[in-house]
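Visitor: After the sequence you'll find the predicted model.
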Amino acid sequence: MKAAIQHKNGDPTSPDVLSVVDDAAVPEPAADQVLVKVSCASVNPIDYKLVAGDFPGKKAGPFGCDVSGTVAKLGPGCDAFKVGDRVYADAIKTPGSFAEYALVPAAALGRMPKNISFKEAAALPLAGLTALQAFQTHGKLKEGQKVAVLGGSGGVGSLAVQIAKALGAAHVYATGSAVDLIKGLGADTVINYKEQDVVAAMTGLELDIVFDTVGGYDNWVAGQAALKTGGIYLSIVGDGGSIASIMASMLWRNVKGVFGVLGPTYKVFLTSTDAPAVTADMRTLTELVESGALKPLVDARDFALTTAGVGDIVKASMTHRTKGKLVLTVSKQ
């Protein structure tokens, strides 16, 4: 089968590092695994950061984690699905979604919402889980609270705006230059960083939660100014850099918060795909989409499962200037 393969650590846009091969073996599902015939796959920053060697562990192997498609084969113990079911998943524990067939842990697999396309479904798993866990798991969002999403038009941010509203936020602030688009997602107030001083615009808002999908010290400064006493600042990026530097800044900011110098709780989190919680979270995402409360935002560009196509989608993602998720089409189903 055709599959994108990481050959070594290095520049993820280089074909010497990441390329599509035509002779990859179709994987065989083990117990509690499902083989999915891939329709679409989307790219996430974690995908190319692993290739680049920014995080320890992965030296080579299949590429990609977000997938949509149909069930092709079931491993032992996978009674919840049947061949032909339309599904989607964040398969980060069994990477290889940029391929004609991909393995997915059954616990991480969700039934595809009936009212969206395969392309939209592929845009949803990791970004949707991240946004949901930010507000539901880590932020403990309560109905009537005020929140902000930093980066309201990106893959995670565009979903976070909608999920915050669906969970009962009374007022959602968001930053971004695509003002009309972000307002269309449900944001009550959009702060255009190209035209406004974000720190000044956010100072004194008395927010309960700030969710930073962009990263950087400047956003932390804006978040501090916006949060009320006892508020929480959540980030999936931190200030960037190494894991050690992210952990150091998180520890220092929380120590100062305890002693009342800065106040807010500061937390950098990783999206969880652990069972059984991920099964429930995927079900929640499906329900939100089918109810009309959530719709994945997909970038208009098309990408194909070729070495050039994979390089192009990674390069586009690395700009951090997309409107929604970047999705690659593997097959029409």
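Guide: Structure's in. What do you need?

Visitor: make it CA atoms for all contacts and neighbour counts henceforth
Guide: OK.

Visitor: Pull the distance from stretch 117-132 to the chain's centre.
Guide: From the chain centre to the centre of stretch 117-132 is a distance of 7 Å (CA atoms, centre = their mean, to the nearest Å).

Visitor: no no, stretch 148-155
Guide: 11 Å.

Visitor: That one: which residues count as buried?
Guide: 148-155 (16 or more other CA atoms under 10 Å).

Visitor: and that stretch, what's its mean pLDDT?
Guide: Averaging pLDDT along stretch 148-155 yields 95.

Visitor: and for it, what are the contacting residues?
Guide: 123, 127, 157-158, 160-161, 172-176, 178, 181-182, 207, 209-214, 219, 297-298, 320-325 (CA atoms under 8 Å, 6 or more residues apart in numbering).

Visitor: Give me the subset of those lying in helices.
Guide: In helices, defined here by DSSP state H, the members of the contacts of stretch 148-155 are 127, 157-158, 160-161, 181-182, 219.

Visitor: any idea where the strands of the stretch 51-200 of the chain begin and end?
Guide: 61-62, 66-74, 86-90, 101-105, 109-111, 146-150, 171-175, 189-191 (DSSP state E, counting those that start in this stretch).

Visitor: Report the inter-axis angle for the third one versus strand 101-105.
Guide: To tie it back to what came earlier, the one meant is strand 86-90. 70 degrees (axes from the mean of the first three to the mean of the last three CA atoms, to 10 degrees).

Visitor: now for strand 86-90, which elements pack on it?
Guide: Applying 3 or more CA pairs under 8 Å, 6 or more residues apart in numbering; DSSP states H and E, we find strand 86-90 packed against strand 66-74, strand 109-111, helix 118-122, helix 125-132.

Visitor: what's the burial count for Val38?
Guide: Using other CA atoms under 10 Å, Val38 has 28 neighbouring residues.

Visitor: Leaving out sequence neighbours, find the closest residue to it.
Guide: Distances taken as CA to CA, 6 or more residues apart in numbering put Gly69 closest to Val38, at 4.5 Å, once the chain neighbours are dropped.

Visitor: Bridged to that neighbour, which residues?
Guide: Beta bridges link Gly69 to Val38, Val87, judged by DSSP bridges.

Visitor: Look up how far Gln136 lies from it.
Guide: Going from Gly69 to Gln136 by CA to CA, to the nearest Å gives 27 Å.

Visitor: now do Asp299
Guide: Per CA to CA, Asp299 is found 26 Å from Gln136.

Visitor: ok, now which ones touch Val298?
Guide: Contacts of Val298 (CA under 8 Å, 6+ apart): 119-120, 123, 155, 323-327.

Visitor: From Pro125, how far out is it?
Guide: Distance from Val298 to Pro125, by CA to CA: 13 Å.

Visitor: Let's have the strands of the stretch 51-200 of the chain in TSV, adding distance to Ser291.
Guide: Output for the strands of the stretch 51-200 of the chain, formatted as TSV (distance: least, CA to CA, whole Å):
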stretch	distance to Ser291
strand 61-62	35
strand 66-74	20
strand 86-90	18
strand 101-105	26
strand 109-111	14
strand 146-150	22
strand 171-175	20
strand 189-191	24
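
Visitor: These: which one's closest to Pro15?
Guide: For the strands of the stretch 51-200 of the chain, the distance to Pro15 is smallest for strand 61-62, at 14.0 Å, taking CA to CA.

Visitor: neighbouring strands for the closest one, and are they parallel or not?
Guide: Strand 61-62 has these strand partners (DSSP bridges): strand 3-6 (antiparallel).

Visitor: ok so, going back, show me which of the buried residues of stretch 148-155 is closest to Cys40.
Guide: Among the buried residues of stretch 148-155, and counting by CA to CA, the member closest to Cys40 is Gly155, at 15.7 Å.

Visitor: pLDDT weak spots in this protein?
Guide: 238-263 (pLDDT under 70).

Visitor: what's across from the residue nearest to Arg321 when sequence neighbours are not counted in the sheet?
Guide: Of all residues not flanking Arg321 in the chain, Gly154 sits nearest, at 7.5 Å (CA to CA, 6+ apart). On DSSP bridges, the residues paired with Gly154 through beta bridges are Gly324.

Visitor: Could you check how far the residue most central in space within the chain is from Asp90?
Guide: Most central in the chain under CA atoms, centre = their mean is Ala127, positioned 2.2 Å from the mean C-alpha point. Distance of Ala127 to Asp90, given as CA to CA: 9 Å.

Visitor: just to revisit the earlier point, okay, now the closest residue to the residue nearest to the centre of the chain other than its chain neighbours: neighbour count?
Guide: Leaving aside its chain neighbours, Ala127 sits nearest to Val156 (4.6 Å; criterion: CA to CA, 6+ apart). Using other CA under 10 Å, Val156 has 29 neighbouring residues.

Visitor: just Leu141 next, same as before
Guide: By other CA under 10 Å, 19 other residues sit near Leu141.

Visitor: Pull the contacting residues for it.
Guide: Shown in contact with Leu141 (CA under 8 Å, 6+ apart): 135, 164, 167-169, 209.

Visitor: Please pick the buried ones from those residues.
Guide: If we count by 16+ other CA under 10 Å, the contacts of Leu141 have these buried: 135, 164, 167, 169, 209.

Visitor: quick one: the last one and Ala225 touch, right?
Guide: The reference is to Ile209. No - in this structure, Ile209 is not within contact of Ala225 by CA atoms under 8 Å, at 11.9 Å.

Visitor: Understood, closing this out.
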